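> what's the 3D shape of this:
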Amino acid sequence: MRRPSLNEFLLLSAAIFFALLLAGCSSSSTSTTVPGPPNPNPNPGPDPAPSSVDVLTYHYDNLRSGENLQETILTPANVNSSKFGKLGELLVDGKVDAQPLYLSNVSIPGVGARNVLYVVTEHGTVFAFDADNVSASAPPFWKITTQSPGEGPSDDRGCYQVTPEIGITATPVIDRTRGAIYVVAVSKDAAANYFHRIHALDLATGKELFGGPTTITASFPGTGAGSTGGTVVFDPREYNERPGLLEINGTVYTTWGSHCDAGPYSSWVISYSADTLKQTSVLNLAPNGSAGGIWMSGAAPAADPAGNIYFLIGNGTFDTALNASGFPSRGDCGNCFAKISSAAPVKLLDYFTPLNTVAESAADEDLGSGGPLLLPDLTDASGTTRHLAVGSGKDAIIFVLDRDNMGKFNATQNNIYQQISTQLAGGEFAKPSYFNGTVYYGAVGDNLKAFPIVNAKLAIAPSSQSSAQFPFPGVTPSISANGAMNGIVWAVENTAPAVLHAYDAASLATELYNSSQASSGRDNFAGNKFITAMIANGKVFVGTPASVAVFGPLQ
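Prediction:
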């Protein structure tokens, strides 16, 4: 064999070098990855603040308690306008309607271990930011678009509900064991075809995992809205995944509200394997009727330790004719507080709907305008352990349900554990939260109110309330605390500019801080309709129409 000359050898070496370089570049991106700088973060900022906090899901846990009990930095002593304020804003490409999520000590290629903030936008983009570098000029570690080539975000079709574009509305869910963040996104192509897809993205790089994404399709036996030949079909044009995602035992659950309340739609729960993104189960809760969208103002379905799933359903068909077990005879459970199984095939296990449910649905007075809260095990005056759920809707009634016997339907009385009327000044377009034996509510046009629990019963009147009243959509409170100590209730007021409030959890009459107190608009930020504050490792993260505003101790 002839040996190559020196020139041939140099040319061959150069060719191999560039081939390897191109191969490395192509393996680090896909058609849906938005190109970033060669170094994922050439200015990675300060060393990460020590953290063991993970915020994997909407409102911290599957009970949807709204409490982070691992907050050791923020206390009532240092949350005030002289020591605490806005640190900066992380800029994104659209509205942040979903709650940001947080992971500590993620190994980012080329950077090292970092605390990472995951943000999704209505432009259909997923961002992974350095949670400890809140400069507006700080690039994300990675960002990806969830749209396929030739697609853009969905249009709002002239609706005010989610506007002006729709990409990712639902709060994602993170599975650290699988190394994935699960996201549901909608897009639209030039031919006016709509697509909903579930994605599993690598936490460190944003790459698609498990063969994803999977396009969401579904059908269910029925003759109701959107049916053909005895089968109800999921029409992607008519739906939006508004509630946050829920993961239980390796299965991701999606629940669907309508896109515009204008077309034929019904009530869907669709689940997927977290390992394969293959569909595992489909349930329609208004298969022979119409409406019954699940939206809950962006809250997420809750789950108890046994794996039962709970959510509130919007106005829709309810069959007042019941079968022998007390369930709607044709399977239509619009305007219900539902309990379903998580094991496939998913099915309705129990429910509650008010005695005037048909009139409420006819008047668009949704029970499902608010989200659920499951309480920890409580002991009543007789020593019995109670498993309770709390929820409210547009009728401004606090319904406390026994999860072991939710009450179903009775046309003459509500057979439920507890009902509190006249204490909420307006409808609930948010969800209650729990901390240290107290339930916190923030209805539309109302003060933030604290309802203590005694002997497994909510007080019939609040023990304290804020001086501020919260305009539409009210407020979903979040709580930070170090165990049972240093409890702070955080509330975002949707005004222009918006206001972040911090209250002493022991008495809402004590306001520790609000973002309008600092001079010269230092802490101002823009409002956003259904956002909820997320607190992790000494910082408060709040979604805006074009960023995430970050608050914390001032340097």
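
> Tell me how many other residues surround the residue nearest to S329 when sequence neighbours are not counted.
Once flanking residues are discounted, S329 sits nearest to A321: 4.5 Å by C-beta to C-beta, 6 or more residues apart in numbering. The C-beta positions use only the backbone N, C-alpha and C, and glycine is treated the same way. The tally of other residues near A321 (other C-beta atoms under 10 Å) stands at 7.

> Sketch out the low-pLDDT regions of the protein for me.
1-46 (pLDDT under 70).

> now do 80
Within the chain, the ranges that satisfy pLDDT under 80 run 1-47, 160, 555.

> Which residue ranges of it form helices?
Ranges of helices in the chain, per DSSP state H, are 6-27, 357-362.

> quick one: the closest residue in space to N315 that isn't next to it in sequence from G293, how far?
Spatial nearest neighbour of N315, chain neighbours left out: S361 (3.9 Å); criterion: C-beta to C-beta, 6+ apart. Distance, S361 to G293, by C-beta to C-beta, to the nearest Å: 11 Å.

> Need the overlap of contacts for the two.
G316 (C-beta atoms under 8 Å, 6 or more residues apart in numbering).

> Compare neighbour counts for the two and give me the winner.
Ranked by neighbour count (other C-beta under 10 Å), S361 and G293 place G293 first, with 29 against 23.

> Just the CA coordinates for stretch 357-377, please, in PDB.
What follows is stretch 357-377, C-alpha atoms only, in PDB (Å, rounded to 0.1, in the frame of the first residue of the first chain):
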ATOM      1  CA  THR A 357     -76.300  22.500  39.200                       C
ATOM      2  CA  VAL A 358     -78.500  22.600  36.100                       C
ATOM      3  CA  ALA A 359     -79.400  26.300  36.800                       C
ATOM      4  CA  GLU A 360     -75.800  27.100  37.500                       C
ATOM      5  CA  SER A 361     -74.700  25.600  34.200                       C
ATOM      6  CA  ALA A 362     -77.400  27.500  32.300                       C
ATOM      7  CA  ALA A 363     -76.200  30.700  33.800                       C
ATOM      8  CA  ASP A 364     -72.500  30.000  33.100                       C
ATOM      9  CA  GLU A 365     -71.900  29.900  36.800                       C
ATOM     10  CA  ASP A 366     -69.100  27.300  36.800                       C
ATOM     11  CA  LEU A 367     -68.200  25.300  39.800                       C
ATOM     12  CA  GLY A 368     -65.000  24.700  37.900                       C
ATOM     13  CA  SER A 369     -63.800  28.300  37.700                       C
ATOM     14  CA  GLY A 370     -61.500  27.500  40.700                       C
ATOM     15  CA  GLY A 371     -59.000  24.800  41.500                       C
ATOM     16  CA  PRO A 372     -58.900  22.100  44.100                       C
ATOM     17  CA  LEU A 373     -57.000  21.800  47.400                       C
ATOM     18  CA  LEU A 374     -56.600  18.500  49.300                       C
ATOM     19  CA  LEU A 375     -56.000  18.800  53.000                       C
ATOM     20  CA  PRO A 376     -53.700  16.600  55.000                       C
ATOM     21  CA  ASP A 377     -55.300  14.000  57.300                       C
END
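
> The closest residue to Y513 other than its chain neighbours: neighbour count?
Once flanking residues are discounted, Y513 sits nearest to A502: 4.3 Å by C-beta to C-beta, 6+ apart. Residues lying near A502 (other C-beta under 10 Å) number 25.

> again, but for E165
Residues near E165, counting by other C-beta under 10 Å, number 18.

> returning to what we had before: mind listing what the residue nearest to S329 touches?
328-330.

> Looking at those, state which has the most neighbours.
P328 (25 neighbours).

> That residue reaches L322, doesn't it?
Yes: using C-beta atoms under 8 Å, P328 is in contact with L322, at 6.5 Å.

> Could you tell me which residues touch both of the two?
F409.

> Please compute how far stretch 474-486 lies from its chain's middle.
Relative to its chain's centre, stretch 474-486 lies at 17 Å (C-alpha atoms, centre = their mean, to the nearest Å).

> sorry, that was for stretch 108-122
19 Å.

> Just list whatever residues bridge to the closest residue to P172 other than its chain neighbours.
The shortest distance from P172 to any non-neighbouring residue, by C-beta to C-beta, 6+ apart, is to V183 (4.6 Å). The partner list for V183 in beta bridges (DSSP bridges) reads H199.

> does V183 really touch G124, like I thought?
No: in this structure V183 lies outside contact range of G124 using C-beta under 8 Å: 9.5 Å.

> Can you measure across stretch 207-218, start residue to end residue?
Chord length of stretch 207-218, first to last residue, is 26 Å (C-alpha to C-alpha, to the nearest Å).

> swap in stretch 353-367?
8 Å.

> and it, which residues are buried?
Residues of stretch 353-367 classed as buried by neighbour count (16 or more other C-beta atoms under 10 Å): 353-354, 357-358, 360-361, 365-367.

> go on, stretch 438-450?
Neighbour-count burial for stretch 438-450 [16+ other C-beta under 10 Å]: 438-444, 446-450.

> With distance to D380 added, can I get those residues in JSON lines?
Shown next, in JSON lines, are the buried residues of stretch 438-450 (distance: C-beta to C-beta, whole Å):
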{"residue": "T438", "distance to D380": "17"}
{"residue": "V439", "distance to D380": "16"}
{"residue": "Y440", "distance to D380": "21"}
{"residue": "Y441", "distance to D380": "22"}
{"residue": "G442", "distance to D380": "27"}
{"residue": "A443", "distance to D380": "26"}
{"residue": "V444", "distance to D380": "31"}
{"residue": "D446", "distance to D380": "28"}
{"residue": "N447", "distance to D380": "28"}
{"residue": "L448", "distance to D380": "27"}
{"residue": "K449", "distance to D380": "23"}
{"residue": "A450", "distance to D380": "21"}
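
> that older thread, ok, the residue nearest to Y513 to F470 distance?
14 Å.
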